[in-house]
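*Asks:* Model the following, please.
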Amino acid sequence: MSTPPTPDALIKQSPMSWYQYAIVAICVLTYAADGLDVVTLSYAAPVMIEQWGISPETFGLTYSATPVGIALGSIFLSPLADRVGRRPFVLWLLGALVGLLFLTSIVSHIAELVILRLLTGVCLGALVVCLNVTVSEFSNAQRSNLLIGILHTGYSIGGMLCGALAALLIEPFGWQSIFTAATVLNTISFVLAFFLLAESPAFLAARAQERPEALARLNALLRRMNMPAYETLPPAPSAREKKRGGLAAIPRAFWIGTLLLCVAGFVFTVSGGFRASWRPQILAYAGLNMTWNGIAGVTTYGAGVLAHLFVGAIARRGSEVKVAVIFLVMMGVTFVMLGAAPNGMTWALIGASTLSGFFNVGAYTALILVTLNYYDATMRNAGLGIMMGCSRVGGIIGPLLGGYVIGAGASRFWVMLLFGAILVIPVTTLLLARAQRPRTLPADA
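*Replies:* Below is the predicted model:
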């Protein structure tokens, strides 16, 4: 008698049902809410700085609090999903975000804002990890990569939506309105997830080994996905062999290349993190009111959505490093264009902002593809994780550095030239990393 496949294997080899697509759609909506949550402060900042009478350097602390929280949540909080389950974990995080965003809408002091943005980042960091796992576990092998890619466009869609809401709400209703809107969107995500999001089949299968009543929940879920139910307990998930973590998982032959990729990710995110946090303020300095600033946000994040799809398409037909280098160079050029556009020239400023968004997001996507393809399957997760960890640090430093440079009195042109010029570093390190990559993995590596 043949052993039945595990739920994970069954899902990977079966056609996807409408219910699986609905779960993916909920995850994309939630990721869009996350994207909105991350950038709300960027649009509220010009008004808050003026009303509260604080310096850009001081306000820069609030920008950096979110990526610090995201890093902490990704590393320390997200593993709880493996113990409590995907569904309750997502619901807890969404519920916490609803409360945190509401409190942010009534905050009155910079210290309170820093704490709230730190906690918001912790929830966002853990939630993003869980959303990726959930989409992967509900997707079959044919659609998994595509659906993961679509999931990540949700972030750009959220940023675009935030720009539209900022244009409509902040000037007539105040900065508080953008956080109220984020609260409403996360509440909608919570309600939809509560009624539609199911527990992960892989988690239920593991739980069924200890709690037989979980088998009934697993079978009900499989029937909802038009898949055969189990008559007996499904095969226990195979235990993974203990592996070395961090840099120890990378063979010595790849250490130099890994270091170069980490430098590329760090410097890229210093520049990109500055742009994401300070772009609305830079445009405000250039004379755009909040309405036009919001419109620029819509076009900029809309260009980011197109960049995800465009780079994913062209990178399959050519060199990922070549695509990354082109997009990094053009990202630097568009930064300079944004700095050089004359004050008050609305469409030139919006155009430069939109182009910078396209090449910024495209460079990010290409950098991820370069890293994924740099390693083989035995070390890919470790390599990508190390590079992304370094990128998080850059995302923390970029907004702080931007605040100090702007506070020091540097003009818009020189600020944008500085953050554009440093992109020569990731261009160089990516080319060096490609040259350093071993053609074959040495046996003693």
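
*Asks:* And stretch 62-73, what's buried?
*Replies:* For stretch 62-73, a neighbour-count test (16 or more other CB atoms under 10 Å) marks 62-73 as buried. Any C-beta I mention is one placed from the backbone N, CA and C, and that applies to glycine too.

*Asks:* How about stretch 414-427?
*Replies:* For stretch 414-427, the neighbour count (16+ other CB under 10 Å) marks 415-420, 422-423, 425-427 as buried.

*Asks:* got it, and stretch 210-226?
*Replies:* Across stretch 210-226, burial judged by 16+ other CB under 10 Å covers 214-215, 217-219, 221-222, 225.

*Asks:* quick one on the thing from earlier: out of the buried residues of stretch 414-427, flag the one nearest to residue 398.
*Replies:* Distance to residue 398 across the buried residues of stretch 414-427 (CB to CB) is lowest for residue 419, with 7.8 Å.

*Asks:* now that closest one: how far from residue 346?
*Replies:* Distance, residue 419 to residue 346, by CB to CB, to the nearest Å: 22 Å.

*Asks:* what does residue 74 give?
*Replies:* From residue 74 to residue 346 the distance is 38 Å (CB to CB).

*Asks:* The two: which has the busier surroundings?
*Replies:* residue 74 (22 against 16; other CB atoms under 10 Å).

*Asks:* Can you add secondary structure, pLDDT and distance to residue 386 and give the buried residues of stretch 210-226 back as JSON lines?
*Replies:* Shown next, in JSON lines, are those (DSSP: H, G, I helix; E, B strand; the rest coil; pLDDT from 0 to 100; distance: CB to CB, whole Å):
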{"residue": "214", "secondary structure": "helix", "pLDDT": "72", "distance to residue 386": "35"}
{"residue": "215", "secondary structure": "helix", "pLDDT": "79", "distance to residue 386": "39"}
{"residue": "217", "secondary structure": "helix", "pLDDT": "83", "distance to residue 386": "37"}
{"residue": "218", "secondary structure": "helix", "pLDDT": "85", "distance to residue 386": "35"}
{"residue": "219", "secondary structure": "helix", "pLDDT": "87", "distance to residue 386": "40"}
{"residue": "221", "secondary structure": "helix", "pLDDT": "88", "distance to residue 386": "35"}
{"residue": "222", "secondary structure": "helix", "pLDDT": "88", "distance to residue 386": "37"}
{"residue": "225", "secondary structure": "coil", "pLDDT": "91", "distance to residue 386": "35"}
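
*Asks:* Which of those sits closest to residue 311?
*Replies:* Using CB to CB, residue 225 is the member of the buried residues of stretch 210-226 that sits closest to residue 311, with 31.8 Å.

*Asks:* quick one: the spatially closest residue to the closest one that is not a sequence neighbour and residue 198, what's the gap?
*Replies:* Leaving aside its chain neighbours, residue 225 sits nearest to residue 17 (4.5 Å; criterion: CB to CB, 6 or more residues apart in numbering). As judged by CB to CB, residue 17 and residue 198 stand 12 Å apart.

*Asks:* do the same with residue 22
*Replies:* 10 Å.

*Asks:* same thing with residue 358?
*Replies:* Distance, residue 358 to residue 198, by CB to CB: 36 Å.

*Asks:* neighbour-wise, which of the two wins?
*Replies:* The neighbour comparison of residue 358 against residue 198 (other CB under 10 Å) goes to residue 358, with 24 against 21.

*Asks:* how much space between the more buried one and residue 304?
*Replies:* Taken as CB to CB, the span from residue 358 to residue 304 is 7 Å.

*Asks:* And the helix ranked longest in the chain, what does it pack against?
*Replies:* If you go by DSSP state H, the chain has its longest helix at helix 18-52. Applying 3 or more CB pairs under 8 Å, 6 or more residues apart in numbering; DSSP states H and E, one finds that helix 18-52 contacts helix 56-72, helix 86-104, helix 110-138, helix 144-173, helix 176-196, helix 255-285, helix 290-314.

*Asks:* Quick one: distance of the longest one to the chain centre.
*Replies:* Between the mean C-alpha location of helix 255-285 and the chain-wide mean there is a distance of 14 Å, by CA atoms, centre = their mean, to the nearest Å.
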